[in-house]
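Engineer: Fold the stuff below for me.
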Amino acid sequence: MNTCQLMGRLTKEPEIRYTQTSIPVASFTLAVERKVAKGKEPESDFLPIVAWRNLAEFASKYLHKGQRIVVTGSIHTRSFTDKDDVRRYVTEIIAENFYFADAKKTDNGNKQADNNTGSTIPQSSNEYSEYSDEQEDLPF
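Structural biologist: Coordinates of the predicted model:
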């Protein structure tokens, strides 16, 4: 099974182009942090992402440099011969879906989750109710 999920930040604006048959294709690079040993500097991989058709148009319209997203898709490898007649190999992620992973600011400056689930981060601590151990027995 060839599936992957990646969360990272766009390193530049998505570049959209069209095939000879007018099919849109967008490409961009996603910087994804690698898990490292405690106390070491984080390292990142810069992975090429390719989106086709409606997803390509969505990427060019709504995705921007620095934005954190989750990409689901599959890993593809291909080869080609360059102008110097040297065979080159490319590995890239073919996107099947994007999800926003950053919180966006509301008009009053507070943050609201932007993760396609409709959940929000409370605007103030007053939105949480106080809980006391004395109120009832815990269910566990």
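
Engineer: Flag every buried residue along stretch 43-55.
Structural biologist: Leu47, Ile49, Val50, Ala51, Trp52, Leu55 (16 or more other CB atoms under 10 Å). Every C-beta, even on glycine, is put in place using the N, C-alpha and C of the backbone.

Engineer: Just the residues contacting it, thanks.
Structural biologist: 6, 8, 11, 14, 23-34, 36, 58-59, 71, 73, 90-98 (CB atoms under 8 Å, 6 or more residues apart in numbering).

Engineer: redo that, cut-off 7 Å
Structural biologist: 6, 11, 23-34, 36, 59, 71, 92-95 (CB atoms under 7 Å, 6 or more residues apart in numbering).

Engineer: again with stretch 23-34
Structural biologist: 6-12, 14-19, 42-53, 56-57, 59-60, 71.

Engineer: repeat for stretch 66-83
Structural biologist: 2-10, 30, 49, 63, 87-102.

Engineer: and the gap between Ala37 and Glu43?
Structural biologist: Computed with CB to CB, to the nearest Å, the distance linking Ala37 and Glu43 is 11 Å.
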